[in-house]
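>>> Okay, here's the prediction I keep looking at, along with the sequence it came from:
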Amino acid sequence: MGCGETLLLSVDGHVMCALASCPRPDAVSALLEDRETDHIVWLAGDSYTIRHPLQERLDDQLLSCGLDSYLMSLDGPPTSPGRYRVAMERGEWAWHQIDVEDGHGS
């Protein structure tokens with residue numbers, strides 16, 4: 001959002017933008033509060049969307065995401081449509097379905 005120079009630490013410990021015209025003054029705090037460390041993948045028929053963990057932003061790891069490469073190499077979806085938490089386990093991608101209402105795995 002371009003708030004770098006206007007970011008402040010609030011008295012309650014949240015990083016906030018002090019610019020009055022900022023469309024989302026709590027954006028940095030919201031990003032920092034995301035504790036997800038795995039990929040979240042939405043499978044829908046022949047398409048998918050990946051929400052990568054924030055740690056992949058470091059050192060441009062996002063640009064060489066192994067999960068994206070894996071999904072692109074498949075002829076079809078690896079499992080049924082839905083929302084999944086996906087992590088590398090014992091050398092393979094493990095798919096754990098997430099209940100959409102509460103965000104917890106099933």
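Thanks, I have it. Numbers count the residues shown, from 1 in each chain.
>>> So what's the residue count around Leu58?
Residues near Leu58, counting by other Cβ atoms under 10 Å, number 8. Every C-beta, even on glycine, is put in place using the N, C-alpha and C of the backbone.
>>> Domain ranges for the chain, per the record?
Structurally, the chain divides into domains by automatic domain parsing as follows: 4-33, 39-97.
>>> In TSV, list those domains along with mean pLDDT.
Written out in TSV, the entries for the domains of the chain read as follows (pLDDT from 0 to 100):
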stretch	mean pLDDT
domain 4-33	91
domain 39-97	93
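>>> Now do the SS call for the closest residue in space to Thr49 that isn't next to it in sequence.
Once flanking residues are discounted, Thr49 sits nearest to Trp42: 4.5 Å by Cβ to Cβ, 6 or more residues apart in numbering. Taken by DSSP: H, G, I helix; E, B strand; the rest coil, the conformation at Trp42 corresponds to strand.
>>> contacts for the lengthiest strand in the chain?
Ordering each strand of the chain by length in residues (DSSP state E) puts strand 82-89 first. Counting contacts by Cβ atoms under 8 Å, 6 or more residues apart in numbering, the residues outside strand 82-89 that touch it are 36, 38-43, 66-67, 93-98, 100, 105.
>>> before we move on, the earlier item: so the residue nearest to Thr49 bridges to which residues?
With DSSP bridges as the criterion, the beta-bridge partners of Trp42 are Thr49, Arg83.
>>> what about it, how many residues close to it?
Counted with other Cβ under 10 Å, the burial measure for Trp42 works out to 15 neighbours.
>>> For it, which residues are in contact?
For Trp42, the contacting residues are Tyr48, Thr49, Gly82, Arg83, Tyr84, by Cβ under 8 Å, 6+ apart.
>>> same thing with Met16?
Leu7, Leu8, Leu9, Ser10, Pro25, Asp26, Val28, Ser29.
>>> secondary structure element for it?
When elements are assigned from DSSP states H and E, Met16 belongs to strand 15-17.
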